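A.B. asks: Please work out how this folds:
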Amino acid sequence: MTTPRRSARSLLRHWWPVALAVPLGAAAGAGYAVVSHPSYSASAYVLVVAQNPGEAATATNFAQAYGRLAGQPQVLAVAAAETGHSLTELGNLVHGTTSPDAPMIEITGTGTRAQEAARTADAVARSLVSFANASSKDTSVRLVTLAPAAAPDKPSTPSGTLDVAVGGAAGLLLGALAMMTRRRGDAASSEAPEAPAAPSTPRPRTEERPAGKPAEKPATAQKASDKPAGTAAAAEAKPSAKEKAATGSAR
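C.D. replies: Numbering: from 1, shown residues only. The predicted structure is shown next:
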C-alpha cells in the first residue's frame, strides 16, 4: 500500500467526526435557506437640522435622542394606523439607528414583501418627523426626510451563502467536540489500572531430605525404640499371674 493512501486512511480514522459533521451542517444550513420564508428590509433616512447656525453638535445630540424614540408607542401610533399593524407588530418590524458623528437617523422596516418593508419604513419616518417638529420651538431643531425608503430587489434573509457557512461552522464545532470526547474516552480506557490478581496461598515449606537418609520417626516411636533390648526380652520371659495359677493347679 502506498504511503499517501496510508496517510489518508490514518487521517480519516482520526478526523472522521469532523469530516462527517461539516457536510451535514452545511446541508442543514442550505435546507434552512430553502424552507424559511424570505424577509425584506428597506431604510428611510431622516436628517436633524439645527435652527441656529453653529449648533451642529446640538443637532447630533438630538439625532441620538430621536433615534431611540423611533420605536416608542408615541411615534408608532400614527404609523400603525397608516400601515394597519398593531403597535406591538410594528415595534417588531422597525428600528432606528444613528451615527455618533452625524445628525442623521436611519429608519429600517422589514416585511415579507419588498413594498411592505418600504411602506413601513416611510410611515415610521413621517411619524417621527411630525412628532419631533411639534416641539421644534423648544428644541431649536427640525427633522426633515432626507431620503425615502426604496423597495429592495432581493430579500435580506435568508441568505443561502451565509446559512451554508453558518451550518458548516456549526458542524465543524460539533465534529471537533465529538473527536475530543472520543480521544479522551480512548485515553481513559488505555490508562485504566488492571485488576489486581488474587493473592496465592503460600504452600508450607518442607525441608528437603538428602538422598539415602531415612525418614525421622515420630517421637513416641523413637522412645519405644530407645528401650534396652534386655528389658524387652525380660518382660517377654516373665510369666504372667494366670500362667502361674494354671501351673499350680496342675501340680
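A.B. asks: which ones are touching residue 177?
C.D. replies: Taking CB atoms under 8 Å, 6 or more residues apart in numbering, we find residue 177 in contact with no residue. For the C-beta atoms, the positions are set from N, CA and C on the backbone; glycine is no exception.
A.B. asks: Can you tell me what sits against stretch 109-121?
C.D. replies: Counting by CB under 8 Å, 6+ apart, 37-44, 79, 83, 85, 90, 93-94, 107-108, 122-124, 148-153, 156 sit against stretch 109-121.
A.B. asks: out of those residues, which are inside strands?
C.D. replies: 40, 41, 42, 43, 44, 94, 107, 108 (DSSP state E).
A.B. asks: number of nearby residues for residue 70?
C.D. replies: Counted with other CB atoms under 10 Å, residues neighbouring residue 70 total 25.
A.B. asks: And for residue 181?
C.D. replies: 11.
A.B. asks: which element is it on?
C.D. replies: Following DSSP states H and E, one finds residue 181 within helix 160-190.
A.B. asks: pretty sure residue 128 contacts residue 70?
C.D. replies: Yes - the criterion here is CB atoms under 8 Å, and residue 128 meets it with residue 70 at 5.5 Å.
A.B. asks: where do the contact lists of the two overlap?
C.D. replies: 96, 105, 107.
A.B. asks: Look up which residues are beta-bridged to the last one.
C.D. replies: Spelled out, that is residue 107. Counting by DSSP bridges, residue 107 forms beta bridges with residue 44, residue 96.
A.B. asks: What residues does it make contact with?
C.D. replies: 43-46, 70, 94-96, 121, 124-125, 128, 149.
A.B. asks: ok, now how distant is it from residue 123?
C.D. replies: From residue 107 over to residue 123 the distance is 9 Å, taken as CB to CB, to the nearest Å.
A.B. asks: re earlier: from the shared contacts of residue 128 and residue 70, which single one is nearest residue 133?
C.D. replies: Set against residue 133, the nearest of these by CB to CB is residue 105 (13.4 Å).
A.B. asks: quick one: secondary structure of that closest one?
C.D. replies: strand (DSSP: H, G, I helix; E, B strand; the rest coil).
A.B. asks: now swap in residue 52 and tell me
C.D. replies: Following three-state DSSP, the label given to residue 52 is coil.
A.B. asks: my guess is it contacts residue 140, does it?
C.D. replies: Yes - taking contacts as CB under 8 Å, residue 52 lies within contact range of residue 140: 5.8 Å.
A.B. asks: Looking at those two, which has the bigger crowd around it?
C.D. replies: residue 140 (13 against 9).
A.B. asks: number of nearby residues for the closest residue to residue 157 other than its chain neighbours?
C.D. replies: Nearest residue to residue 157, sequence neighbours excluded (CB to CB, 6 or more residues apart in numbering): residue 39, at 4.7 Å. Using other CB under 10 Å, residue 39 has 15 other residues around it.
A.B. asks: ok, now residue 113?
C.D. replies: Neighbours around residue 113, by other CB under 10 Å: 14.
A.B. asks: Tell me how far it lies from residue 77.
C.D. replies: Residue 113 is 24 Å from residue 77, by CB to CB.
A.B. asks: swap in residue 172?
C.D. replies: Taken as CB to CB, the span from residue 172 to residue 77 is 48 Å.
A.B. asks: swap in residue 103?
C.D. replies: Residue 103 is 25 Å from residue 77, where distance means CB to CB.
A.B. asks: So which of those two has more stuff around it?
C.D. replies: Set residue 103 next to residue 77 and count neighbours by other CB under 10 Å: residue 103 wins out with 24 against 13.
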